[in-house]
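Trainee: Quick one: sequence plus predicted model below, questions after.
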Amino acid sequence: NAGVTQTPKFQVLKTGQSMTLQCAQDMNHNSMYWYRQDPGMGLRLIYYSASEGTTDKGEVPNGYNVSRLNKREFSLRLESAAPSQTSVYFCASSVGSDPDTQYFGPGTRLTVL
Amino acid sequence: AQKITQTQPGMFVQEKEAVTLDCTYDTSDPSYGLFWYKQPSSGEMIFLIYQGSYDQQNATEGRYSLNFQKARKSANLVISASQLGDSAMYFCAMRRFRRGSTLGRLYFGRGTQLTVWP
């Protein structure tokens, strides 16, 4: 039981390049989330998926797209990376009902040059 | 707007002592949940403890307890008998809950860096 897994762990991009961050969970959770963490800040929600087949914008969605591929997998795509997207990205999942505790993956450290 | 405030950027505590990490929140929703997460230097986010707004008793999980004062809108984390391994960043977070929906997000504070010294 791996919980929430994310790939890759580290990535360096040049401005304008695209990439997809992968996330998978094996806890049979309904809801999945993507957050970013910047230095000195808490986590901010980028997108979330309350259930398979649905996605919604969070606090900072600009420059990102997501795909809920199936119940297990939720990917985050950067179409044209910018230096402002340098951050640590966390995927999380939750069962989708109260108390709806979110469990996090190990994170992806992304640097955009 | 929802807001979580952690006023202590850094805290220091001697091993085996207790420490309280402060968290205040701002919401107009009657139903909400409060969470604490630990982020060690390795970077992962580890769930510690949860308190629901309608829970009558303060939550406890081993050495962690949550001092919930609803009228003051505070949800302080108390760590008893601190250990060197407790050194980490600690985040307070809140989730809204309305009409059967969790509304999909956690609102995080900026965190408190706890250092436990021998």
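Mentor: Everything's here; your move.

Trainee: Spell out which residues sit in contact with B:A75, please.
Mentor: Contact analysis of B:A75 by Cβ atoms under 8 Å, 6 or more residues apart in numbering or on different chains lists B:C23, B:T24, B:Y25, B:L34, B:W36, B:Q51, B:L66, B:N67, B:F68, B:Q69, B:C92. The C-beta positions use only the backbone N, C-alpha and C, and glycine is treated the same way.

Trainee: from those, which single one is nearest B:E44?
Mentor: B:W36 (14.6 Å; Cβ to Cβ).

Trainee: what's that closest one in contact with, if anything?
Mentor: Shown in contact with B:W36 (Cβ under 8 Å, 6+ apart): B:21, B:23, B:47-49, B:64, B:66, B:75, B:77, B:90-93.

Trainee: sorry, back to before: using CSV, lay out the contacts of B:A75 together with secondary structure and distance to A:Q11.
Mentor: Shown next, in CSV, are the contacts of B:A75 (DSSP: H, G, I helix; E, B strand; the rest coil; distance: Cβ to Cβ, whole Å):
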residue, secondary structure, distance to A:Q11
B:C23, coil, 33
B:T24, strand, 36
B:Y25, strand, 34
B:L34, strand, 33
B:W36, strand, 29
B:Q51, strand, 36
B:L66, strand, 36
B:N67, strand, 40
B:F68, strand, 40
B:Q69, strand, 43
B:C92, strand, 29
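
Trainee: can you put those residues in TSV and add pLDDT and distance to A:K71?
Mentor: Listed next are the contacts of B:A75 as TSV, based on pLDDT from 0 to 100; distance: Cβ to Cβ, whole Å:
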residue	pLDDT	distance to A:K71
B:C23	98	33
B:T24	97	37
B:Y25	96	32
B:L34	95	28
B:W36	98	28
B:Q51	96	29
B:L66	97	31
B:N67	96	37
B:F68	96	34
B:Q69	96	39
B:C92	97	30
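
Trainee: Which two of those residues have the greatest separation?
Mentor: B:W36 and B:Q69 (15.1 Å).

Trainee: still on that earlier bit, would you turn the contacts of B:A75 into CSV with distance to A:Q25?
Mentor: As requested, the contacts of B:A75 are exported to CSV (distance: Cβ to Cβ, whole Å):
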residue, distance to A:Q25
B:C23, 27
B:T24, 32
B:Y25, 27
B:L34, 23
B:W36, 21
B:Q51, 24
B:L66, 26
B:N67, 32
B:F68, 29
B:Q69, 34
B:C92, 24
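
Trainee: filter those residues to the buried ones?
Mentor: B:C23, B:T24, B:Y25, B:L34, B:W36, B:Q51, B:L66, B:N67, B:F68, B:C92 (16 or more other Cβ atoms under 10 Å in any protein chain shown).
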